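1. Here is a sequence with its predicted model. Questions after.
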Amino acid sequence: MDGQTGFVGRAGGRGFRLGVDEVSSVALAKSLNRAGRRMAIIHADPGWIAPVLDGSDGFWPKLVGELAHQGVEARVVRARSKPAETLAEPGANHIHMVMGDMPAYGANTLHIEQGYITGFWYLDEIGVFANSSLRLSQFCPERVHRGHAEYFFNGVTGWMLRNNVSKAPQPERMADLLDPAGAVVFTQEIEGLGPRSHFLTSEQMIRTAAEHDRAKLVYVKLHPRQSKAARRDLMAVVQDYQNVRVSEASVHDLIEKSRVIITQNSAAGFEALMQKKTVVTCAKSDYRHATLTAKNPGDLRDALDYGPDAMSDFAFEQYFYWFLGRNLLEEAKDSFAERAVARIREKAFL
């Protein structure tokens, strides 16, 4: 067998191996192309290689089996490597599944990433997160069944808030120990990345919120992967204001105690929708439909003044169901693999 194998079972009665091998050389890639078999090629960035190989990612163990029933084997390759370029030659006609934030539109290509809520996955033609096709889509609440949406919303949000679940581990919930705040700013580590997606920097968000009403408390929670340099710079900004407080509290507590949630396009901003809070996104975002977008400090000041009134009648339940239930794939559902293969079939004429 070529490469390292991560076994996830066998297709019943067919003797078809369900595993994912790594294509680690150009020679092997050329050999697979010459074989004439159409394969699902997983282009994974370094952080996804090991989870795909050992079957711990939550996405592939189910999907590999369903693809096997369609006669399609899966292989994983390091994204943007020479073997990946070889496997992407048009004549090979493979199906390409890109894992990681590497947006691009291409024939037979789909993009995969775990969404803002653990257990829900993108399978998108353009990209993931701010680069997903959802940013270009329109949300029509009247087309979403309210009863179904409320059941879904209450189930997901109830479980996450009761159990203090977030994409990153959180401290124990102790909201009663927090003072009410006019806003909370959730920072990110996206400003040095290209291409640019943010309208306002973290410093601009903090300064605008702090100076808008110096009598109101503003919380700041730094991203868990904030670089030392960025952390140092933002702490220097915070020290300019007596009404700004850096907090390590649970994101759910900070959201609960804050009138307005300010972020560029973080998962914390999406999680704030679970508490039906006014969220201001200061970057391109694929959940923009449920937020107010601030492209400059003036927009942010207006949102701090009027945001809660503007969002008071927003259909949060329908939006949550539309975004997660309809457009993403929930790995816990029995229909997960079937829905995923249906999308692959539509895109790649499987």
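-> Here it is on my side, so go on.

2. buried stuff in stretch 45-54?
-> For stretch 45-54, a neighbour-count test (16 or more other C-beta atoms under 10 Å) marks 48-49, 51-53 as buried. The way it works is simple: take the backbone N, C-alpha and C, and place the C-beta from them, glycine included.

3. measure residue 31 to residue 80 for me?
-> 21 Å (C-beta to C-beta, to the nearest Å).

4. circling back: select from the buried residues of stretch 45-54 every entry located in strands.
-> Using DSSP state E to define strands, no part of those is located there.

5. Which of those residues fall within helices?
-> For those, the ones inside helices are 48-49, 51-53, with DSSP state H as the criterion.

6. In a markdown table: the residues you listed, plus distance to residue 26 and pLDDT.
-> Shown next, in a markdown table, are those (distance: C-beta to C-beta, whole Å; pLDDT from 0 to 100):
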| residue | distance to residue 26 | pLDDT |
| --- | --- | --- |
| 48 | 21 | 91 |
| 49 | 17 | 92 |
| 51 | 24 | 90 |
| 52 | 20 | 91 |
| 53 | 20 | 89 |
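
7. my read is residue 43 is in a strand, agree?
-> Yes. The assignment for residue 43 by DSSP: H, G, I helix; E, B strand; the rest coil puts it in a strand.

8. ok, it - contacts?
-> 77-80, 84, 96-100, 102 (C-beta atoms under 8 Å, 6 or more residues apart in numbering).

9. Tell me which residues touch residue 47, please.
-> Per C-beta under 8 Å, 6+ apart, neighbours of residue 47: residue 100.

10. picking that back up, which ChimeraX command selects the buried ones in the contacts of residue 43?
-> To isolate the buried ones among these in ChimeraX, judged by 16+ other C-beta under 10 Å, type:
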select :77,78,79,84,96,97,98,99,100,102
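
11. Just the closest of the contacts of residue 43 to residue 155, please.
-> Taking C-beta to C-beta as the measure, residue 155 sits nearest to residue 99 out of the contacts of residue 43, at 27.4 Å.

12. ranges for the strands of the stretch 101-250 of the chain?
-> Along the stretch 101-250 of the chain, counting by DSSP state E, counting those that start in this stretch, strands occupy 109-114, 120-124, 181-186, 218-221, 244-246.

13. out of these, nearest to residue 267?
-> Using C-beta to C-beta, the nearest of these to residue 267 is strand 181-186, at 8.7 Å.

14. Check which helices and strands that closest one is in contact with.
-> helix 202-212, strand 218-221, helix 251-257, strand 258-263 (3 or more C-beta pairs under 8 Å, 6 or more residues apart in numbering; DSSP states H and E).

15. how about a cut-off of 6 Å?
-> helix 202-212, strand 218-221, strand 258-263 (3 or more C-beta pairs under 6 Å, 6 or more residues apart in numbering; DSSP states H and E).

16. tell me the angle of that strand relative to strand 258-263?
-> Orientation of strand 181-186 against strand 258-263 (axes from the mean of the first three to the mean of the last three C-alpha atoms, to 10 degrees) gives an angle of 20 degrees.

17. Can you give the strand pairings for strand 181-186, parallel or anti for each?
-> Paired strands of strand 181-186, with direction, are strand 218-221 (parallel), strand 258-263 (parallel) (DSSP bridges).

18. What separates the first and last residues of stretch 99-110, distance-wise?
-> End-to-end distance of stretch 99-110 (C-alpha to C-alpha, to the nearest Å): 9 Å.

19. ditto for stretch 140-148
-> 15 Å.

20. Neighbours of residue 315, how many?
-> 18 (other C-beta atoms under 10 Å).

21. Residue 89 too?
-> 12.

22. wait, what's in contact with it?
-> Contacts for residue 89 (C-beta atoms under 6 Å, 6 or more residues apart in numbering) come out as none.

23. Many thanks, I have nothing further to ask.
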